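Trainee: I'll drop the sequence and a predicted model, then ask my questions.
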Amino acid sequence: MRRVMNIRPGRARWVLALLPFALILLAYMMGSAHRRAENPSDKVLPPISEMASAVHRVAFEEDKRTGQYLFWTDTKSSLKRLSIGLSVSVAFALVLGLLIGLLPVANATFSPLTAVLSMVPPMAILPILFIVFGLDELSKVMLIIIGVTPCLVRDLSFTVSSLPREQLVKAQSLGASTWQTLIRVALPQAMPRLIESLRLSLGPAFLFLISAEAISADSGLGYRIFLLRRYLAMDTILPYVIWITLLAFLLDFALAQISRRAFPWAHNAERTS
């Protein structure tokens, strides 16, 4: 008897993947039609046609006050903040994670501090960031850095410290210095895990970004959503939320492809499964 756990989807994988989205879309359309039938002025579940019109208005028509295409201006502002925050986080994680994972002295010095910092709720210190760094761009970027970096550092240090001891001993036996061992042995094996950790951090990073923009910003995806909230403009808010989700998905997909192409050996198990 063939067990369900042994059934592989094969060519039907894409059909199965799209099925939940189709069901969600169908449920939304039915809910929207039902609410509009009861109340023609309902704004909670706007029809898809209204959302399409709203997207066209903010994405392809100049704003009368600023002369900008608000949708793309907001996207550019948010992605700029996100890219700076994540780039700095990755740089710190790469340096500290390798040192903490490979050097016992660095581990004893920085590991407890990193563990404590990773437990601090970033949203709880958002007011402090605004007081210390002001209401400009720096406070928003710092929230992403503080929220993402400690977790990346801990995860990377665990990966490096878990490397087989035999590899490190063999490298030293062949005359490798600490620096050479770090670069040639630890770094290549840590990079796939760093990319994987970065993929897992995209969701929290977007959360920190949207939260900071909602409180203090004059552009950005989070700023626009919370601005339109006052007018119950769900026809624009929902497309913005979908767009943020799509951006996160595309970034995750891009990082996955980079990892598979740059470090194919780290994904051999995926190919054989």
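Mentor: The structure has been received and is ready for your questions. Fair warning: this is a prediction, and the values are worked out from it, not measured in the lab. Numbers count the residues shown, from 1 in each chain.

Trainee: going by C-alpha atoms from here, please, whenever you check contacts or count neighbours.
Mentor: Fine.

Trainee: how about residue 95, what does it touch?
Mentor: By C-alpha atoms under 8 Å, 6 or more residues apart in numbering, the contact set of residue 95 is empty.

Trainee: quick one: it from residue 102, how far?
Mentor: Per C-alpha to C-alpha, to the nearest Å, residue 95 is found 11 Å from residue 102.

Trainee: identify the contacts common to those two.
Mentor: What both residue 95 and residue 102 touch, as defined by C-alpha under 8 Å, 6+ apart, is an empty set.

Trainee: would you list every one of the helices in the protein?
Mentor: For the chain, applying DSSP state H gives helices covering 13-38, 48-60, 70-102, 104-118, 126-133, 137-161, 165-173, 178-181, 187-215, 221-228, 234-262, 268-272.

Trainee: tell me the most buried of those helices?
Mentor: Greatest average neighbour count among the helices of the chain goes to helix 137-161 (a mean of 23), per mean count of other C-alpha atoms under 10 Å.

Trainee: show me how far that helix is from its chain's centre.
Mentor: Put simply, helix 137-161 sits 12 Å off its chain's centre (C-alpha atoms, centre = their mean, to the nearest Å).

Trainee: what do you get for stretch 253-272?
Mentor: For stretch 253-272, the distance to the chain centre is 18 Å (C-alpha atoms, centre = their mean).

Trainee: quick one: mean pLDDT for it?
Mentor: The pLDDT scores in stretch 253-272 average 84.

Trainee: just the CA coordinates for that stretch, please, in CSV.
Mentor: Taking C-alpha atoms only, stretch 253-272 is exported to CSV below (Å, rounded to 0.1, in the frame of the first residue of the first chain):
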residue,chain,number,x,y,z
PHE,A,253,13.9,34.0,-4.4
ALA,A,254,16.9,36.1,-5.5
LEU,A,255,18.9,35.1,-2.4
ALA,A,256,18.0,31.5,-2.9
GLN,A,257,19.2,31.5,-6.5
ILE,A,258,22.4,33.3,-5.5
SER,A,259,23.1,30.6,-2.9
ARG,A,260,22.4,27.7,-5.3
ARG,A,261,24.6,29.2,-8.0
ALA,A,262,27.4,30.3,-5.8
PHE,A,263,27.4,27.3,-3.5
PRO,A,264,25.8,24.4,-5.3
TRP,A,265,27.5,21.8,-3.0
ALA,A,266,25.4,23.2,-0.1
HIS,A,267,22.2,22.3,-1.9
ASN,A,268,23.0,18.7,-3.0
ALA,A,269,20.5,17.3,-0.5
GLU,A,270,17.7,19.4,-2.1
ARG,A,271,18.4,17.9,-5.5
THR,A,272,18.5,14.3,-4.3
